[in-house]
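Colleague: okay, sequence plus prediction incoming.
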Amino acid sequence: MTSAAVHLDQLVFSYADTMVRFDVTFAPGEITAIMGPSGAGKSTLLNLVAGFETPREGQVLIGDMDVTSAPPADRPVSMVFQENNLFAHLDIASNVGLGRSPALRLSATDKQDVATALARVGLAGMEHRLPRELSGGERQRVALARVLVRDRPILLLDEPFASLGPALRDDMLELLASVQAERGMTVLFVTHQPEDARKLAENMVFVEGGRVAAAGKTADFFKSSGPEAFRHYIGNERQ
């Protein structure tokens, strides 16, 4: 898997009375945290990269490939949501196998890759459990295992650990960082937790009012000279 940059080139998208405009590049092979107030457009940004939304103007570029009109299945992208999108009637091995074949037509190699992915996220021996038999953290581990068998260069995460307690969230952040380092994925990570961004991400993009208000190295955001919009935001968060 080769790392790829993601570039939103003069992208314009509108829905209802809201319009967003994004012009930003996400570094290849690195983790970028996306932060901003609720309703600022963070999830919309991910959906535009994934292909769940289509821009009115501009381009979505992944590496040197224009994917603006490509359907989600044809983009080199995996996505993990807060609710982890597991099928309740399928055991976790099958839920992971969907990342390799939507029809679950799995070869012996595919099945071995599923087992290897589950072992990598700490779920070896739990292949035949159903999602309802797992904790919230374990369900997110299943979602991450599915990412591993998909083996796409871009990973999008939309507040995937928001419902977890602090200890479980820290465990998942460490696991995600480890997997990203192994695979070299380009990761776009939406979070409302400044400390999660500080722990996990090399870069940060701050979205406000449907636009990128600031972008740069995460460490620089937390300096006293960091972007004013971000400093105002985390000040509100700490009240």
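Modeller: Received it, and whenever you're ready, just let me know what you need. Quantities reported herein were computed from a predicted structural model and do not represent experimental measurements.
Colleague: relative to residue 118, how far out is the spatially most distant residue from the centre of the chain?
Modeller: Most distant residue from the mean C-alpha position of the chain: residue 108, 28.9 Å away (CA atoms, centre = their mean). Separation of residue 108 from residue 118 (CB to CB, to the nearest Å) stands at 16 Å. Bear in mind the C-beta positions are built from the backbone N, C-alpha and C, glycine included.
Colleague: residue ranges for the strands of the chain, please.
Modeller: 6-15, 18-26, 31-35, 57-62, 65-66, 77-81, 154-158, 186-190, 203-208, 211-217 (DSSP state E).
Colleague: tilt between the last one and strand 6-15?
Modeller: Taking axes from the mean of the first three to the mean of the last three CA atoms, to 10 degrees, one finds strand 211-217 and strand 6-15 inclined to each other by 160 degrees.
Colleague: what's the angle from strand 211-217 to strand 203-208?
Modeller: Using the same axes, to 10 degrees: strand 211-217 against strand 203-208 is 160 degrees.
Colleague: what of the fourth one?
Modeller: Put simply, strand 57-62 runs at 160 degrees to strand 203-208, going by the same axes, to 10 degrees.
Colleague: hang on, the earlier thing: for the residue farthest from the centre of the chain, give its distance to residue 53.
Modeller: From residue 108 to residue 53 the distance is 38 Å (CB to CB).
Colleague: equivalent analysis for residue 114, please.
Modeller: In terms of CB to CB, residue 114 sits 30 Å off from residue 53.
Colleague: okay, the two: which has more neighbours?
Modeller: Counted by other CB atoms under 10 Å, residue 114 and residue 53 do not tie: residue 114 has more neighbours, with 25 against 17.
Colleague: ok, the nearest residue to residue 209 once chain neighbours are set aside - contacts?
Modeller: Excluding its sequence neighbours, the residue lying closest to residue 209 (CB to CB, 6 or more residues apart in numbering) is residue 40, at 6.5 Å. Residue 40 sits next to 207, 208, 209, 210 when contact means CB atoms under 8 Å, 6 or more residues apart in numbering.
Colleague: on that earlier part again, out of the strands of the chain, which is closest to residue 130?
Modeller: strand 77-81 (19.0 Å; CB to CB).
Colleague: what angle do the closest one and strand 186-190 make?
Modeller: Going by the same axes, to 10 degrees, strand 77-81 makes 30 degrees with strand 186-190.
Colleague: wait, what's in contact with residue 89?
Modeller: residue 130.
Colleague: give me the neighbour count for residue 107.
Modeller: Residue 107, neighbours per other CB under 10 Å, totals 10.
Colleague: what about the contacts of residue 40, which one has the most neighbours?
Modeller: Ranking those using other CB under 10 Å puts residue 207 first, with 25 neighbours.
Colleague: any idea how far residue 95 is from the spatially closest residue to that residue that is not a sequence neighbour?
Modeller: Excluding the flanking residues, the one nearest residue 207 by CB to CB, 6+ apart is residue 36, at 3.7 Å. The spacing between residue 36 and residue 95, counted by CB to CB, is 31 Å.
Colleague: cool, residue 44 as well?
Modeller: 27 Å.
Colleague: what's next to the helix or strand bottoming out on mean pLDDT in the chain, contact-wise?
Modeller: Sorted by mean pLDDT, DSSP states H and E, the helices and strands of the chain end with helix 228-237, the least confident at a mean of 81. The contact list for helix 228-237 (CB under 8 Å, 6+ apart) reads 35, 36, 37, 192, 194, 204, 206, 208, 213, 214, 221.
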